[in-house]
Each structure stands twice: as structure tokens, then as C-alpha cells.
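Peer 1: Next input, structure requested:
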Amino acid sequence: LLMLLLAVAQQLGIPISSVLVVFSTLGLAISLSMQNYLSNLAGGIVILLTKPFQLDDIIEVEGVTGKILKIDLYYTKVNTYENKSVYIPNGQMANAVVVNGTREDRRRADFVLKIPDDMDLQATRERLLAIITANPLCRKDPAPSVPVTGIGYRSVLVTVYAWADADDWWTLKCQLLENI
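Peer 2: Sure thing, here's the model as predicted:
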């Protein structure tokens, strides 16, 4: 039909090259305007097929951490800890590094502490380990540890490593920080 219209237009003396330029420009404009839309659609299909996360998973992606509330073809809705709804385009989600904090049954709470060099390092590490193991949310396997992981100005850096069930991870981390 398009070829017939072009042939008729040429017979009527309308320059076909001008019509083709207009259609080409229009096609380019439409394809450029649809690029993000199609990218999000393709990303949504990839996410729905590969399932890197599912509803109620806690994820971290592009600086946003929260619970997955909805996975759509174009956007994924994440509810942050501050109770903000964030809609992330699936084109970005499919190409970003997504950290899923709920896929595994356990997580490690870890944080660095600076111990002044005038304190007894061994006694401090033993006291920290006692505080950690006293917490009922701390798993015994793998065993918690407090190794020396660095040296600072007039201090020694130790890192607390404690494992918890995935659902208790945040609570354990907060309780340990408070108790320490």
C-alpha cells in the first residue's frame, strides 16, 4: 500500500525523496522517543524470566535499599526503610548490580571498631567476643570472630563478624552495636 501511494505521488509530480525524508525523520524521532520505553519493557521481561528477586525480597540497587512491593513490565516498586516508594525503571534494574539480602538463609553482620593502642588488645577482643556470643540471635556456626584487620593512627582496627538468620540480621547488628 505504501509503495502504491509513493508511485501515485510520483505520477502526480510530488517529489518522492522529500516524502521519504519526512517519513525517515519521523521514524527516527519515534524510535528515539520509544528507546527508554522499549528498554524498560525488555528489562521487565528479563527480570520476570530470570527472577533475580521476588516480592518481599530486600534488595539494594543503585543506592536504594528496600522491600520489593511490585514487579511490573516497566518499573519495579521498592519500599525503603524510610517508608518511601521508589519506582526503578526495569531497564536500569536489568543492567545494574542487584544485591538480594533475602535469598540466603543467613547473613553476616560486620563492622569495624577502632581500639586505642593503650588498651589491652587481647582482653578487648575477648570481651567483644563474649558480648557477641551472649546475644541469642548470633549463630554459633559459623563461629563469630573479632580479628585484627588494620592499623590506624594510635589504634588497632578490629572487625566484628557475627552470623544471624536473614530475618534477624539487622536486629543483631543494631543490638551488637548498642551492647558494645
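Peer 1: For residue 80, the count of nearby residues, please.
Peer 2: 12 (other C-beta atoms under 10 Å). Where you see a C-beta, it was placed from the backbone N, CA and C, and this is true even at glycine.
Peer 1: so who does the residue nearest the centre of the chain touch?
Peer 2: Central residue of the chain (C-alpha atoms, centre = their mean): residue 61, 2.0 Å from the mean position. Going by C-beta atoms under 8 Å, 6 or more residues apart in numbering, residue 61 touches 78, 88, 92, 93, 96, 97, 98, 99.
Peer 1: Can you turn the buried part of those residues into a PyMOL selection?
Peer 2: In PyMOL syntax, the buried subset of the contacts of residue 61 is picked out as below (16 or more other C-beta atoms under 10 Å):
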select buried, resi 78+88+92+93+98
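Peer 1: quick one on the thing from earlier: do you know how far the residue nearest to the centre of the chain is from residue 99?
Peer 2: To residue 99, residue 61 is 7 Å away according to C-beta to C-beta, to the nearest Å.
Peer 1: coming back round to it: report the beta-bridge partners for the residue nearest to the centre of the chain.
Peer 2: Per DSSP bridges, the residues bridged to residue 61 are residue 64, residue 98.
Peer 1: quick one: pLDDT of it?
Peer 2: Note on residue 61: pLDDT of 90.
Peer 1: From residue 101, how far off is it?
Peer 2: Residue 61 sits 11 Å away from residue 101, going by C-beta to C-beta.
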